[in-house]
Structures are given as structure tokens and as C-alpha cells.
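A.B. asks: just coords:
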């Protein structure tokens, strides 16, 4: 079950895909991490889906990650007396806190925190940007707005304020309940929606307490302005282009995607590109050519993972969608131009001996005689640093920790597997070459590059770089060079 590609695939489970047999088939087709979307489904649904993933993992003997995606705060209008009203550019009305059903002159917006953040002249976006409004006079409990574009307003549509930081926690009471449940059932990653500032991620990290890795979804312009500080608290990041595309002009989204991917690469933080990657395959067995190019471009940009949402959760062709995405990624990574792009943007080294050793390992692995690299890792830090360098050889990440193996399934270029903690330097070489052969990454006589640390089992202690050859016969001791 080794992948013939470096970029990873995240797939959302839902009614179309959460059955155990389908989950196993999706993993065989190429899914590395399964997403549980807590905006939909019950806790019972998500528990059953996670159980199916663990079953597939056992059957396929490959670590599979599970990502719990929290819904985050949803800011919405209230209700209308007639469910829907017609509007046109120039139409004026008032938003207020009165719960009385609205009409053409006013409607409730039950969020005092929005009124306090509004300023005259700001934009308001309703219903994923289908309605654009301009704020006129305002107070702490009402605002007059003028329609600039759009044709109708209806019950409970979402509200976005792209020009303001809304003083609201990114974790709602529902999110806190969902988070406690997700940690209880043993997810590997937790994604926080609508992150605006570093404090949002700091709060999530505190609540998670190390029981899972924490990922920030960047879908607010305010998060782009505070990206470096947010990344300080991230184990992973997602370019959530759906909501990001609501609050940014369309031409700004590709630029934001590149900015996020570049910043994440510099930090060694795995980055996912998400939303509408193969959207047409929710109803069609083949993608559009534009969608295929979108997937390919994310691979050329060095994204760690690409995510499927409705395509696998509720679409008619979940398995075919994964197979197509897998084929596109593999094709890009066979392009003679692709290695040069991966090599063009190496991260600057920290003031750290480990970074120097990792950079040396990548350089040493460029020799054509190197079959693979083997990294011994406890919590995953050394393996992630190795991935940041984008080596073109397969990287076998051996860890005694199942949680670490599952979290590393999201990271570019890594083949995470369970392995025992080496007890001596001799064991390091023996375990590395035998594991490389066992998992099909090296043939007898081929060279294996080994990265490890002493004392064994100490996180972040990589200080050993060793070359070895896989034995000509399985019973022969590895020959060190």
C-alpha cells in the first residue's frame, strides 16, 4: 500500500461514502486522510465513519488519518414574514436585533457583535456573496444598509463582514461539544473554521491538550493579515477557498493560495488546498478540464494535500473522483519540470543542528543509487522537517507511536509506518534496511539513507545520518558504509 505520489489526498465522508466497504475502497484508491464534517451528520454517524476508517487501516496495513472539521460560528440573518423578499440595487432597509419576522423595510440580524464592529461605508455580503450591501448609518443595535447587487433576500442566509474582525470566539458551544466528542473517539486532526487571529488557534490548542494535531482553516481576509502569528499555533493549515472566495475578490484567491502555501512550506507546516477541486464530479463521472488543471496547479505549487468535499461525501461518483485525483497527481509528479519546482523553494534553516542535518540528508539522497530515506521519529517533528525539504526519494517514517503515524499521513512525501524504537546504533541500521525492504521501498543491494537521533526516543533529537545498503539476502546483516 505504498503511494506512487508525494502529494496526499483528503476525502470527506458522508452518506455516499461512510459505509465500511466504501471507506476501504477509497483508501485503496488513494485516500490518505478522511474528513468528518461536523457541519453535517450526527455524532453517531461520525463515530461509525471513524470505526470504518480504523477497519480499513487494519485491513490495508497502512496508517490512515482522521480529520474532525468543526463548523465554527455561522452568522446569519433572521426570518422574513414571507420567507423571501425581492430587492434590487438601491433598495434600502434596516438590520436590527428585533426577532419579529422581517419585510422589505427591516429584518433581524441576531448578532450584536456585528453591529459593534460595523462602520459606515463597510460592505456586507449575504448568501455567499450573492447579495452585496453597503452600510450607511449605524448604532450598536441597528444598521441601515443599501443593496448594491443581488435580487432577493430570504430566511437565515449567511452574513460575512470582510472588512472587520468580528469579536466572537471561533469556537461556538456546538463546536466545544463536537470537539470533546471528536477527541473522545480518537480523531488525529482537528480543524478550526473561520480563524481570524492567532488567539483563536491558541484557544483550540489549549482545549485539545495534545490529544490531536490542530489545523487552521484560512477562509477570512483577517487571517491572511495575521498569517505568521496564526502559523505559530498550527500543526497544519487549510486553504479553504469556498468561504475565502466569498470575502475576497475572485482574482485575489489564487494569490492568497500561493501566499498560504509558501508561508506553510517555510514553517514545515503541512498545507491542504480545498474546495471545488473536482466539483462537477458530484454529478458527473469525469471532471472538467479546468478542474483537472486546478488540481495539477496545486501539486505544482507543492501543496501537501488536496481535499475532496461534496465530491466524496454526497456525490454520485466518490470512488471515481478519488481515482481521477490520484491519476492527476501521479501524472504531474512524472513531469520532468516538477522536480525543479520542488527544489526551487527550500525553507531557510533555523538556528538548529537538526535543520542542518536534514538539509544534508536531502542533498545526500540526490544520488541516483539511493533507493529511499528512513527517518526514525517519535512525535513526527524530524519527519516533517524532512518533508519540508521536498526530497524526491520515498521517505519511510518509522515511529513506535500509532498517533504519530496517523498524523503524518497528511504530510507530503512520507510513508509513515509503525516500527519499534531502536535500542542501539546497530539496531538503527538493521531496522532501517529491513523495514525499507519489508515495505517495498528498497531492493537487495540498494542504498538506504538513515536519519535518527540519540538518545533514542527523545523528541527532536535527530543527530545521526548514516548510509547503509539493503542486504543481498534477507538474512544477511546490513552492511554499513
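C.D. replies: Nice, thanks for sending it over. Predicted, not measured: the structure shown is a model, and the values here were computed from it.

A.B. asks: which stretches of the stretch 201-350 of the chain aren't confidently modelled?
C.D. replies: When residues are selected by pLDDT under 70, those of the stretch 201-350 of the chain lie in 346-350.

A.B. asks: show me the residues around the residue sitting nearest the centre point of the chain that make contact.
C.D. replies: Centroid-nearest residue in the chain: residue 272, 3.6 Å away (criterion: Cα atoms, centre = their mean). Each residue near residue 272 by Cβ atoms under 8 Å, 6 or more residues apart in numbering is listed here: 10, 215, 236-239, 303-307, 410. For glycine as for every other residue, the C-beta is placed from the backbone atoms N, C-alpha and C.

A.B. asks: Adding neighbour count, distance to residue 32 and secondary structure, write the residues you listed out as CSV.
C.D. replies: Converted to CSV, those look like this (neighbours: other Cβ atoms under 10 Å; distance: Cβ to Cβ, whole Å; DSSP: H, G, I helix; E, B strand; the rest coil):
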residue, neighbour count, distance to residue 32, secondary structure
10, 26, 7, strand
215, 25, 14, strand
236, 26, 13, strand
237, 27, 17, strand
238, 30, 15, strand
239, 25, 17, strand
303, 26, 13, coil
304, 28, 10, coil
305, 25, 7, strand
306, 23, 10, strand
307, 27, 11, strand
410, 27, 7, coil
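
A.B. asks: can those go into CSV with extra columns for distance to residue 260?
C.D. replies: Shown next, in CSV, are these (distance: Cβ to Cβ, whole Å):
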residue, distance to residue 260
10, 16
215, 12
236, 12
237, 6
238, 9
239, 5
303, 10
304, 12
305, 13
306, 14
307, 14
410, 16
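
A.B. asks: Closest one to residue 175 out of those, please.
C.D. replies: residue 215 (13.9 Å; Cβ to Cβ).

A.B. asks: Now do the strands in the stretch 1-150 of the chain.
C.D. replies: 8-13, 33-37, 65-69, 84-86, 92-96, 106-108, 123-126, 131-138, 142-149 (DSSP state E, counting those that start in this stretch).

A.B. asks: Now render these as TSV, adding mean pLDDT.
C.D. replies: Formatted as TSV, the strands of the stretch 1-150 of the chain follow (pLDDT from 0 to 100):
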stretch	mean pLDDT
strand 8-13	98
strand 33-37	98
strand 65-69	98
strand 84-86	94
strand 92-96	97
strand 106-108	97
strand 123-126	94
strand 131-138	96
strand 142-149	97
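
A.B. asks: what sits up against stretch 282-300?
C.D. replies: Outside stretch 282-300, the residues touching it (Cβ under 8 Å, 6+ apart) are 7, 257, 273, 276-281, 306, 310-311, 314-317, 320-321, 324-325, 328-329, 331-333, 338, 341.

A.B. asks: List only buried entries from those residues.
C.D. replies: Burial by neighbour count, 16 or more other Cβ atoms under 10 Å: within these this picks out 7, 257, 273, 276-281, 306, 310-311, 315, 317, 320-321, 324-325, 328-329, 332-333, 338.
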